[in-house]
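Asker: fold the following.
(3 chains)
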Amino acid sequence: MYVLKIEDYDLDILKILQSGQVFRYEILSEDSFVLIYQDHYVVVSKIDGGYQFECEPEEFQSIWYPYLGLDLDYQAINQSIIHADARFEGVIKEQMGLRILRQDPFEMLMTFIISQSKAIPQIRKLVNELSVKYGRYLGKVESIPIYAFPTSQALNHVKEEEFRDMKFGYRAPYLEDAVRLVNCDLVQLSKAQLPMLKQIKGVGDKVASCVMLFGLGDLEAFPVDVWMRKTMIYLYDDLGVKSKDIDIQNYGKKMFGKYAGIAQQYIFEYGRQIIKNL
DNA sequence: TCCCAGGTAGATC
DNA sequence: GATCTACATGGG
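Answerer: So this is what the prediction gives:
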């Protein structure tokens, strides 16, 4: 058992789980969750003044501390973002506790290939089905079975046809290609950069940026999707409706510098709130 | 029935 | 290069 005092960190696990950056988790109640990372899972409960992790302190330090990005100083990061654009003060105050997770790179690669042209609940469903079929069974929490996301080895001989049977649609050959390139080491995920990732079929700027940001902790990565696109054009007069995604990406990277990725997460949340009211 | 969803590759001009 | 379009599937 390990207790994390919230006063030492800005951390809001529910906000993180609902932010669209992570798809594998369980929400047991309003203040009780299951986090999953590779072969590990942990039950976390919100208690007075903090979070209680049902694991040994050693596991917390080696797995969940880095997973939650608790080594990053969000006070300083937030100040830097507000300094770049003062309009973010309100959004950041509202989204206090939202953090970028450091998830498994292979899982991020597969997940964001799946994500294209799909709504978040659909992505979650497909990624979970993939884990149940090919991932390792880890245990049970309140009668919910918990599976690891499959390793690249576990998916090594899965054919396009099998992915299609699982309703991955036109992404099926992309998934097969991704597994193949990772397993033959043509794409070395641990030291991947954007161009390397884009060699994989079905991986463009957006998916590659998500892998860099959510899987490899590259805080400068700035994924631009339809939401980001709309919100950035709304926020910045320099950007017009016919701006290219790459220009929007470069604009954001330039504006927010080494914390562009975190700014991106705030902008994404902001966009999800306001766009439907426009 | 029609339209769109955290996109991308390939064809066409 | 910039602009279409097909690509599977499910939900509103």
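Asker: write out the residues of the stretch 51-200 of chain A neighbouring DNA strand C.
Answerer: A:Ser117, A:Lys118, A:Ala119, A:Pro121, A:Gln122, A:Arg164, A:Lys167, A:Gly169, A:Tyr170, A:Ala172 (Cβ under 7 Å from any atom of the strand). Every residue, glycine included, has its C-beta placed from N, CA and C.
Asker: out of those, which are buried?
Answerer: A:Ala172 (16 or more other Cβ atoms under 10 Å).
Asker: near DNA strand B, which of the residues of the stretch 51-200 of chain A next to DNA strand C show up?
Answerer: Near DNA strand B, by the rule Cβ under 7 Å from any atom of the strand, you find A:Ser117, A:Lys118, A:Ala119, A:Gln122, A:Tyr170 out of those.
Asker: contacting residues for the third one?
Answerer: Listed by Cβ atoms under 8 Å, 6 or more residues apart in numbering, the contact set of A:Ala119 is empty.
Asker: now with 10 Å, please.
Answerer: A:Lys125 (Cβ atoms under 10 Å, 6 or more residues apart in numbering).
Asker: circling back: farthest-separated two in the ones next to DNA strand B among the residues of the stretch 51-200 of chain A next to DNA strand C?
Answerer: A:Ala119 and A:Tyr170 (16.2 Å; Cβ to Cβ).
Asker: follow-up on the earlier one: quick one: which of the residues of the stretch 51-200 of chain A next to DNA strand C is nearest to A:Gln273?
Answerer: Checking those one by one against A:Gln273 (Cβ to Cβ), the nearest turns out to be A:Ala119, at 17.1 Å.
Asker: narrow the ones next to DNA strand B among the residues of the stretch 51-200 of chain A next to DNA strand C to those in helices?
Answerer: Counting by DSSP state H, those place A:Gln122 in helices.
Asker: now tabulate the ones next to DNA strand B among the residues of the stretch 51-200 of chain A next to DNA strand C in a markdown table and tack on pLDDT.
Answerer: Below are those laid out as a markdown table (pLDDT from 0 to 100):
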| residue | pLDDT |
| --- | --- |
| A:Ser117 | 95 |
| A:Lys118 | 95 |
| A:Ala119 | 93 |
| A:Gln122 | 97 |
| A:Tyr170 | 98 |
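Asker: just confirm A:Gly139 is within a helix.
Answerer: No - counting by DSSP: H, G, I helix; E, B strand; the rest coil, A:Gly139 is located in no helix; its state is strand.
Asker: which strand residues bridge it?
Answerer: Beta bridges link A:Gly139 to A:Ile146, judged by DSSP bridges.
Asker: pretty sure it contacts A:Tyr147?
Answerer: Yes - with contact taken as Cβ atoms under 10 Å, A:Gly139 and A:Tyr147 are classed as touching, separated by 9.5 Å.
Asker: so what pLDDT did the closest residue to A:Tyr65 other than its chain neighbours get?
Answerer: Once flanking residues are discounted, A:Tyr65 sits nearest to A:Asp71: 7.0 Å by Cβ to Cβ, 6 or more residues apart in numbering. You'll see A:Asp71 listed with a pLDDT of 96.
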